[in-house]
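K.L.:
Return a 3D structure for these sequence lines:
(2 chains)
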Amino acid sequence: MPSLSSLAYYAIHPRELRQIIQWKVWHNPVHERDETKDPASLKRCFDFLHLTSRSFTAVILELHPELLVPVALFYLALRGLDTVEDDMTLSLDTKEPILRNFHDILEEDGWNFDGNGPNEKDRQLLVEFNVVVEEFKKIKPAYKAIIKDITKRMGNGMADYVKNAEFNVNGVDTVADYELYCHYVAGLVGEGCTRLFVEGGLANAALLSRPELMESMGQMLQQVNIIRDIKEDHDDGRRFWPKEIWSKHVDKFEDLFKPENKELALNTSTEMILNALNRADDCLYYLAGLREQSVFNFCAIPQSMAIATLDVCFQNHDIFKKNVKITKGSACQLMTESSQNLQLVCEVFRRHTRKIHHKNNPHDPNFLKISITCGRIEQFIESIFPSHPKPVDMKSPASIEEAAKKKVEDAEAKWDTIYLILAVVCTILVITSSMIFIAWLAGARFDIAFAQLKEQLGDLFSWSSNSTIAEVAKDASGHSEL
Amino acid sequence: MSSESSYTPSLGKVVVVGGCGFLGSHIVNLLIERHPNTRVFVVDLRTNTNRNASANISYHDADITDYAALEPLFSQFRADAVIHTASPHFNAKKDILEKVNVGGTKTLLKVAQETGVKAFIYTSSSSIVLDPKTELHNADETWPLITGDAQPEYYSTTKAYAETAVLQANRTPANFLTCSIRPAGIFGEGDVQALPKMIGALRKGQTKFQVGDNNNLFEWTYVGNIAHGHLLAVQALLQTHKLLPTVPLDSEKVDGEAFNITNGQPVYFWDFARAVWHEAGDTVPLSGIWHLSWEFAFGVGAILEWLFWVLGKTPNLTRQQVRYSTITRYYSIDKAKKRLGYAPIVDLDEGIRRGVRHILEQEDRQKQKKGQ
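P.N.:
Okay, the predicted model is just below:
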């Protein structure tokens, strides 16, 4: 049941309500899934998917049947890794071997783990992880190899971070470290998904030769999460905003949250958002390489949400005070717009790019850089969907001589036209007058016709006219009827 | 960004026509800095300003429309390359524009062809495809030239004629190679148009106003990047010359081609101005800006123009300015990237910083002079 406050909210924002209804009523999944024949273990896997993922579940469930199960299992495997990495109650000695060997665990019959702390959200997934293993073993070997490879690299990357004591105390240091962290937790997911899409024949294989594009897909999502969750992460004792960025604006990380540092905190957030926004054109480029509708939706919806989230976070001091989110209505609108085609997604990007640009503060150190990045996104969209096609060549003269020649020609052409019109008029005149003359010879009564015309015009404009046709007819005796 | 080490120490003998001008002097400085062993001849109407102290440069006063004066100079230079940047001011009289831009360029071409010059680089203008009525979104070099009656700016018409003449002269004779560089919205140290005007608006307190919705992207180019583009073109043409008589592939050809050169960073029109103003000390907050609609400003501009016309003056707000500040105008530089290996070497914000600092320093010097 919707809460009272949300009812009140939608009462004054009917447009958002409309968007929600539109999405719920009109959206048909690209591929519907028949669950009745699923084995018990697969059903349990989908239960976990529902429990663990909020935003992703919907798009995963609509994926092409060829990829649905592999992607779902890929997601659960990564979720399992995450649950081990995140748990502050686990000791390093317990964590490290699990993280580093998780790719083998995926094929270890009956493996499960109940060592997580009681508060760990997805604890149950690891407790019953054997169902994931059971299903994983059934998928195509090619998919298995991709998922194992990514899991291996991600697990090792996470283990390195967990082992890095400095990271645990001071958070991320440089921008390069920050992006490397995002690479392990998200960039690799982008790579894994892309390889699965290409393997399944649902995406252009050329995407694999442009690794920076799939990297950007993951980076964008992860960076947006890190920007949005600044307050929540800080409360939980985690720091993902790199020191290299915040130290330019404040001395201590905690200072970002002090109300007196509002301006400085906003400047810091601008720089963070700039870094994420720089990935936007790559993401659109990537989306252009997807062939299948459900895969397109799967990738496009989160990206649209990401740029919309950047928009609400931009120049918004609330991110340092509470969890800022896009409203449910806008989320539904974004989902509707992002499950059609690339052009509409580009419109979404352009809309939020311009909103960001209009909030851009001229006195922020990164003012012009934000403007340049927004301009780059617009230019990229323009390059794939030109709004103004190249004008038709009007053959302007190419030199003074040509211009002079053209002037002479134009003048000649002008006189030619005048002569032509004159000739036409003369011809018509000659024909008309000779026809009238012949008619007169044949006894036509132009005087009657003229008087009649005059009378009718007189009626029309209510002149008082004394002369009648009869009178005229009487006078005209010299011209006999035929 | 190109690495410094890949540049040859010398480009041979290079003539920079207009080398004491705004762009020309930047070209000379970069040329000497990057290829220090190059022998540089600067030809300009007057050579007493913007001089570089290097011993490899000589300065020569000459009028480029005067064949009799140019011929002996060029015979003496025996140059490998000519960079022709000379041009009158945008608002110069029609006959001057025609005489220098068209006549002067043709004279230079003739002299260069006669004295065995290998490479001829012409500084054109991206405004030659600018039709005042159509917006330019990502315009590339294949867009039609707008000249004659369709082009209200005679400057652009003459630049287009000159460029056409330069490109037509390519490979006549077969060892004479030409190309053209089309910069857009040039600014930087020594600029007398863009930045001084904007700083002037700041001093008059006009930064509170803004015309239009500011969604129109506009292209500005730091002068150093344009100089960089010119030097890449010299290198490319000399390279092609070495391969003669082999003709490069159509998709790699530089000779006979025109190239858009910009910062590759189009920004919203007012954002550039606001960045300049901020750099020069403006403090008007985002919330303190008055947004005038396009139609309103256009109407006010028209009325002001009439009123001031009676007084015989030009108002601060004109219809032309309103049009310029609300039009979309940006270019694609993909061709220069692919064929010249061009990429801007100075970012837009660094360019603004340099240009504004230069103006503020000048202002300070003038104040000190007055104070003494």
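
K.L.:
Please name the nearest non-neighbouring residue to B:Gln113.
P.N.:
B:Phe176 (5.4 Å; Cβ to Cβ, 6 or more residues apart in numbering or on different chains). Just so you know, the C-beta spots here come from the backbone N, C-alpha and C atoms, and that holds for glycine as well.

K.L.:
Just to check, the one you found is in contact with B:Gln168?
P.N.:
No - at 11.5 Å, B:Phe176 does not count as touching B:Gln168 under the criterion of Cβ atoms under 8 Å.

K.L.:
Between those two, point out the one with more neighbours.
P.N.:
Each of B:Phe176 and B:Gln168 has its neighbours counted (other Cβ atoms under 10 Å in any protein chain shown); B:Phe176 has more, 21 against 14.

K.L.:
just to revisit the earlier point, phi first, then psi, for the residue nearest to B:Gln113.
P.N.:
phi -110, psi 110 (degrees, to the nearest 10).

K.L.:
next one: the one 4 residues further on
P.N.:
The main-chain torsion angles of B:Ser180 are listed as degrees, to the nearest 10 and equal phi -130, psi 140.

K.L.:
Now do the contacts for the residue lying closest to B:Thr326 once chain neighbours are set aside.
P.N.:
Once flanking residues are discounted, B:Thr326 sits nearest to B:Gly212: 3.8 Å by Cβ to Cβ, 6+ apart. Residues near B:Gly212 by Cβ atoms under 8 Å, 6 or more residues apart in numbering or on different chains: B:Phe269, B:Trp270, B:Leu292, B:Ser293, B:Trp294, B:Ala297, B:Val322, B:Ser325, B:Thr326.

K.L.:
A:His358 now?
P.N.:
Counted by Cβ under 8 Å, 6+ apart, A:His358 has contacts B:Asn214.

K.L.:
and it, how far is that from A:Gln222?
P.N.:
Separation of A:His358 from A:Gln222 (Cβ to Cβ, to the nearest Å): 26 Å.

K.L.:
again, but for B:Leu307
P.N.:
B:Leu307 is 59 Å from A:Gln222, by Cβ to Cβ.

K.L.:
Of the two, give the one with the bigger neighbour count.
P.N.:
Shown here are B:Leu307 and A:Gln222; by other Cβ under 10 Å, A:Gln222 has more neighbours (24 against 11).

K.L.:
helices or strands up against the helix or strand encompassing that one?
P.N.:
Assigned by DSSP states H and E, A:Gln222 belongs to helix A:211-228. Packing contacts for helix A:211-228, counted by 3 or more Cβ pairs under 8 Å, 6 or more residues apart in numbering or on different chains; DSSP states H and E, involve helix A:175-182, helix A:188-199, helix A:262-277, helix A:280-287, helix A:293-313.

K.L.:
Give the buried residues for the first one.
P.N.:
Pointing back at helix A:175-182 there. A:Asp177, A:Tyr178, A:Glu179, A:Tyr181, A:Cys182 (16 or more other Cβ atoms under 10 Å in any protein chain shown).

K.L.:
burial measure for A:Ala159, as a count.
P.N.:
23.

K.L.:
Near chain A, which residues of the stretch 51-200 of chain B are found?
P.N.:
B:98, B:102, B:131, B:134-139, B:142-148, B:150-151, B:157, B:160-161, B:164-165 (Cβ under 8 Å from any Cβ of the partner chain).

K.L.:
Just the buried ones among these, please.
P.N.:
B:98, B:102, B:131, B:134-139, B:143-148, B:150-151, B:157, B:160-161, B:164-165.

K.L.:
Neighbours of A:Glu215, how many?
P.N.:
22.

K.L.:
Grab the nearest non-local neighbour of it.
P.N.:
Per Cβ to Cβ, 6+ apart, closest to A:Glu215 is A:Gly187, 4.5 Å.

K.L.:
what's the neighbour count on the one you found?
P.N.:
26.

K.L.:
Equivalent analysis for A:Ala205, please.
P.N.:
12.

K.L.:
Of the helices and strands packed on helix A:211-228, which is nearest A:Glu409?
P.N.:
Minimum separation from A:Glu409 across the helices and strands packed on helix A:211-228 (Cβ to Cβ) falls at helix A:280-287, 47.1 Å.

K.L.:
Please list the outside residues in contact with the closest one.
P.N.:
With Cβ under 8 Å, 6+ apart, helix A:280-287 has contacts from A:207, A:210, A:212-214, A:216-217, A:220, A:296, A:299-300, A:303, A:307, A:342, A:345-346, A:349, A:353, A:373, A:376-377, A:380-381, A:384.

K.L.:
Using ChimeraX, make a named selection holding only the buried ones among those residues.
P.N.:
In ChimeraX, a selection of the buried entries from those looks like this (16+ other Cβ under 10 Å):
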select /A:207,210,213,214,216,217,220,296,299,300,303,307,342,345,346,349,353,373,376,377,380,381
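
K.L.:
which parts of chain A sit against chain B?
P.N.:
So chain A meets chain B at A:354, A:357-363, A:367-369, A:371-372, A:374-376, A:378-379, A:382-383, A:386-388, A:390-400, A:403, A:406 (Cβ under 8 Å from any Cβ).

K.L.:
Helices - which of these land there?
P.N.:
With helices defined by DSSP state H, the entries of the residues of chain A next to chain B inside them are A:354, A:357-359, A:367-369, A:371-372, A:374-376, A:378-379, A:382-383, A:400, A:403, A:406.

K.L.:
Now the buried members of those.
P.N.:
A:354, A:357, A:367-369, A:371-372, A:374-376, A:378-379, A:382, A:400, A:403, A:406.

K.L.:
Identify the residues contacting residue 313.
P.N.:
Answering for chain A, as no chain was given. Contacts of A:Cys313 (Cβ under 8 Å, 6+ apart): A:Val224, A:Ile227, A:Arg228, A:Ser269, A:Ile273, A:Ile319, A:Val324.

K.L.:
what does A:Met88 give?
P.N.:
A:Gly117.

K.L.:
for the helix holding A:Gln222, what is the average pLDDT?
P.N.:
Mean pLDDT, helix A:211-228: 94.

K.L.:
Pull the distance from the helix or strand that that helix is followed by to the chain's centre.
P.N.:
Next in sequence after helix A:211-228, counting helices and strands by DSSP H and E, comes helix A:230-235. In this view, helix A:230-235 has its centroid 28 Å away from the chain centroid, taken as Cα atoms, centre = their mean, to the nearest Å.

K.L.:
Perfect, that will be all.
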